[in-house]
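**Q** sequence and computational prediction follow.
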Amino acid sequence: MDSHLILEPTFPGTVVERQGKSAAEFLDGLFFGTKGLMLSQVREITKLETSVIQNWVNRGWVQKPVEKRYSANHLARILLINMLREVTKLETIVHILTYLNGSANCREDDSISESQLYIYICDILDEVDYETILSGSLDRLIESRATDYREPFPGAREKVMNAAKLILTYYAASLVKVRADRLYEQAVEPVLKV
């Protein structure tokens, strides 16, 4: 099995092809010269149903859009939830994000912006392999990606490190699940249909 984590040529949580771009370039390109994205654009990027996104907003898992527009932080939080939801409970994902940044509707207690976290995660995914994640040696790699991170309050760095490790581990598990599902579809389903 290929040990590199990036299986698909898309940004995690999206259907948007990477085409050699970094996550920072992806987000910057989406939000350059705009006041934010409309719900239809978020749907197009994620292939999530309108009702799913609105449900996450109504439950307080994603901050309410401002003037019906989703910011980079809104989108990044949606992408983080979307990239992990196939492998763990939505409540668990939200607990991780709440541990990291408190309420989705309050920015004052954030350890890191969701957009910066998403960029860190994507940058790490460009380098990491399964063995690094499974061996628990992510600290050094996360630290190397977060050299520009400035702790807004004592203990924030530790929260960022812990949340990043959790997100990366769950994401690796989701990729393994995708591979297992594809193998099942290719090997077992054809035999059962006979």
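**A** Received the coordinates, thanks.
**Q** so where is this protein shaky, pLDDT-wise?
**A** 1-8, 136, 194 (pLDDT under 70).
**Q** which helix runs longest in it?
**A** Identified as the longest helix of the chain according to DSSP state H is helix 156-187.
**Q** so which residues of this structure form helices?
**A** Going by DSSP H, the chain shows helices at 23-31, 39-46, 50-58, 72-84, 90-101, 114-125, 130-135, 138-145, 156-187, 189-192.
**Q** what's the shortest one packed up against?
**A** Pointing back at helix 189-192 there. Taking 3 or more Cβ pairs under 8 Å, 6 or more residues apart in numbering; DSSP states H and E as contact, there are no helices or strands that helix 189-192 lies on. Backbone N, C-alpha and C define where each C-beta goes, glycine included.
**Q** please renumber the chain so that the first residue is 666 from this point on.
**A** Yes, from this point I'll number from 666; that puts the last item at helix 854-857.
**Q** show residues contacting it.
**A** Helix 854-857 has contacts (Cβ atoms under 8 Å, 6 or more residues apart in numbering) with no other residue.
**Q** cool, the fourth one as well?
**A** Around helix 737-749, the neighbours that count as contacts under Cβ under 8 Å, 6+ apart are 676-679, 692, 695-696, 701-702, 707, 710-711, 713, 718, 721, 726-728, 730, 735, 755, 758-759, 762, 769, 778-780, 782-783, 786, 832, 835-836, 839.
**Q** all good on my end, thank you.
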